[in-house]
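K.L.:
Quick one, what's the 3D model for this:
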Amino acid sequence: MVKSRDLLPSLAMVLVQIGYAGMNITSKMAMESGMKPLILVAYRQIFATIATFPVAFFLERKTRPKITLRVLVQIFFCSITGVTGNQVLYFIGLQNSSPTIACALTNLLPAVTFLLAAIFRQEAVGIRKASGQAKVIGTVVCVAGAMVLSFYHGHTIGIGESKIHWAYAENITNHGSDSNGSNFFLGPFMIMAAAVSWAVWFIIQTKMSETFAAPYTSTLLMCLMGSIQCGGIALISDHNLADWSLSSPLRLISALYAGVVASALAFCLMSWAIQIKGPLYVSVFSPLLLVVVAVFSWTLLEEKLYTGTFVGSALVVIGLYGVLWGKDREVNENQDQEENEKQVKQQHTVKCDFKEDIESRLPMGGEGGDSTSGCGKGSPSKTCIALKI
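P.N.:
Numbers count the residues shown, from 1 in each chain. I've put the predicted structure just below:
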């Protein structure tokens with residue numbers, strides 16, 4: 001029972017990261033073909049709302065807690081941070097960088113989440129313990145890796161070219177390189193800002209799940225509010241109706257995939273896992289995304305890998321697993337402490353029950369009390385003294 005409880009959240013988070021990897025590839029291709037990132041984010045939330053509605057309605061119809069004004073306010077801030085802020089910043093950053101760099105910088109999420117969770121006392125630092133030191137050092141290494149990724153590229157790594165050539169992706173990439181320029185300073189900065197916004201969502205979602213344990217309903221309301229916010233921002237920034245067209249199969253598939261898989265399914269699974277394991281646990285699976293996207297980008301999109309990308313990614317992953325190791329050791333220490341306290345409490349309870357049982361079997365002291373069989377008014381025997389002790 002305990003093993004399945006630990007295994008299911010892990011499998012869910014692996015599935016989420018694989019889903020995000022596909023979203024990075026399809027979304028990058030859609031933006032290279034001319035789709036605006038704000039419009040893509042707006043469609044993503046609309047499709048996510050439609051996909052989440054039947055799940056929330058049927059699965060939580062009888063168990064859904066009352067939706068109060070406080071819950072609605074918390075969901076609103078979740079939509080601002082986890083949907084609008086995170087996704088708008090991320091897609092603009094993705095447009096101005098590459099999928100590999102975007103996913104590498106997303107690995108800042110556990111470090112930022114740890115810092116915010118420590119500030120809001122949702123996570124213990126424990127600097128005097130090895131687990132606390134590992135989390136702090138890992139966070140510093142993560143930030144150092146992010147700086148290398150952002151400001152240093154270096155030489156191209158000669159790993160050869162992929163044997164797989166996707167003509168459709170090549171045509172789109174070549175067309176996009178002529179029409180869309182990349183800003184290798186703006187892109188990483190926007191992605192780091194997206195990671196901070198996402199980390200804030202983890203903190204708010206953790207607090208909300210304590211009083212509103214309905215992850216599918218909260219996801220539905222969050223996506224609904226996010227679709228209104230993102231749609232309004234996209235309409236203000238782009239009035240051209242032709243840019244909103246989904247006649248291109250790539251644009252339609254990208255928007256559907258991002259909405260159904262990367263928003264509806266991902267947010268439901270993450271909200272559920274946060275309830276069980278907490279915010280830091282959910283965020284530590286992001287390195288898997290980097291590996292999958294790096295392979296897909298090199299294979300399908302012919303993306304070149306640079307020395308700075310490799311070194312920075314390695315530092316981020318090493319720092320991340322330092323945080324993960326510290327968190328795992330802290331959990332084990334807390335479990336051992338709880339088990340020891342439980343054993344001491346059980347031993348104390350057994351002693352009290354044994355003492356009460358012995359006292360109930362002894363005759364009451366009074367007239368005619370026999371000094372050899374009980375504790376009367378006479379001189380107590382050694383056995384009586386022992387029992388009283």
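
K.L.:
Packing partners of whatever helix or strand residue 232 lives in?
P.N.:
Using DSSP states H and E, the element containing residue 232 is helix 215-237. Here helix 215-237 touches helix 37-59, helix 69-78, helix 86-95, helix 186-209, helix 266-277, going by 3 or more C-beta pairs under 8 Å, 6 or more residues apart in numbering; DSSP states H and E. Any C-beta I mention is one placed from the backbone N, CA and C, and that applies to glycine too.

K.L.:
Using CSV, write out every CA atom in that helix.
P.N.:
Taking Å, rounded to 0.1, in the frame of the first residue of the first chain, the C-alpha atoms of helix 215-237 are listed here in CSV:
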residue,chain,number,x,y,z
PRO,A,215,-7.8,19.2,-7.7
TYR,A,216,-9.9,18.8,-10.9
THR,A,217,-12.4,21.5,-10.0
SER,A,218,-9.6,23.9,-9.0
THR,A,219,-7.8,23.1,-12.3
LEU,A,220,-11.1,23.8,-14.3
LEU,A,221,-11.6,27.1,-12.6
MET,A,222,-8.0,28.1,-13.0
CYS,A,223,-8.0,27.3,-16.7
LEU,A,224,-11.2,29.2,-17.2
MET,A,225,-9.9,32.3,-15.5
GLY,A,226,-6.6,31.8,-17.4
SER,A,227,-8.4,31.6,-20.8
ILE,A,228,-10.1,34.9,-20.1
GLN,A,229,-6.9,36.6,-19.0
CYS,A,230,-4.7,35.2,-21.8
GLY,A,231,-7.4,35.8,-24.4
GLY,A,232,-7.7,39.4,-23.3
ILE,A,233,-4.0,40.0,-23.5
ALA,A,234,-3.7,38.3,-26.9
LEU,A,235,-6.6,40.4,-28.3
ILE,A,236,-5.1,43.6,-27.1
SER,A,237,-1.7,42.7,-28.6
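
K.L.:
tell me which residues in it are buried?
P.N.:
215-231, 233-234 (16 or more other C-beta atoms under 10 Å).

K.L.:
Over to stretch 64-71?
P.N.:
64, 71.

K.L.:
quick one on the thing from earlier: in CSV, list the helices and strands packed on helix 215-237 along with distance to residue 120.
P.N.:
Putting those into CSV (distance: least, C-beta to C-beta, whole Å) gives the following:
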stretch, distance to residue 120
helix 37-59, 27
helix 69-78, 13
helix 86-95, 18
helix 186-209, 6
helix 266-277, 14
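
K.L.:
so residue 153 sits right up against residue 308, yeah?
P.N.:
Yes. Using C-beta atoms under 8 Å, residue 153 is in contact with residue 308, at 4.5 Å.

K.L.:
And the next helix or strand past the helix holding residue 232?
P.N.:
By DSSP H and E, the next helix or strand past helix 215-237 is helix 249-259.

K.L.:
Other residues contacting that following helix?
P.N.:
22-23, 26-27, 29-30, 33, 35, 40, 43-48, 50-51, 172, 245-246 (C-beta atoms under 8 Å, 6 or more residues apart in numbering).

K.L.:
burial count for the residue nearest to residue 120 when sequence neighbours are not counted?
P.N.:
Nearest residue to residue 120, sequence neighbours excluded (C-beta to C-beta, 6 or more residues apart in numbering): residue 203, at 5.7 Å. Using other C-beta atoms under 10 Å, residue 203 is surrounded by 18 other residues.

K.L.:
Residue 203 is in contact with residue 279, isn't it?
P.N.:
Yes. The pair residue 203 / residue 279 is scored as a contact, 6.4 Å apart, by C-beta under 8 Å.

K.L.:
Run the angle between the lengthiest helix in the chain and helix 266-277 for me.
P.N.:
As assigned by DSSP state H, the longest helix anywhere in the chain is helix 307-361. If you take axes from the mean of the first three to the mean of the last three C-alpha atoms, to 10 degrees, helix 307-361 sits at 40 degrees to helix 266-277.

K.L.:
what about helix 307-361, distance to the chain center?
P.N.:
On the basis of C-alpha atoms, centre = their mean, to the nearest Å, helix 307-361 sits 22 Å off its chain's mean C-alpha point.

K.L.:
which helices and strands sit right next to that helix?
P.N.:
Checking 3+ C-beta pairs under 8 Å, 6+ apart, helix 307-361 ends up next to helix 99-106, helix 109-119, helix 130-151, helix 279-283, helix 286-300.

K.L.:
Would you point to the one among the ones you listed that's packed deepest?
P.N.:
helix 99-106 (a mean of 28; mean count of other C-beta atoms under 10 Å).

K.L.:
What lies in contact with that helix?
P.N.:
Residues contacting helix 99-106 (C-beta under 8 Å, 6+ apart): 20-21, 24-25, 28, 90, 93-94, 145-146, 149-150, 187-188, 191-192, 194-195, 286, 289-290, 293-294, 296-297, 301, 303, 305, 309, 312-313, 316.

K.L.:
Would you mind checking the average pLDDT for it?
P.N.:
On average, the pLDDT along helix 99-106 is 77.

K.L.:
Same check on stretch 224-239?
P.N.:
90.

K.L.:
Equivalent analysis for stretch 197-206, please.
P.N.:
86.

K.L.:
With stretch 141-160 instead?
P.N.:
75.

K.L.:
Fine, thanks again, bye for now.
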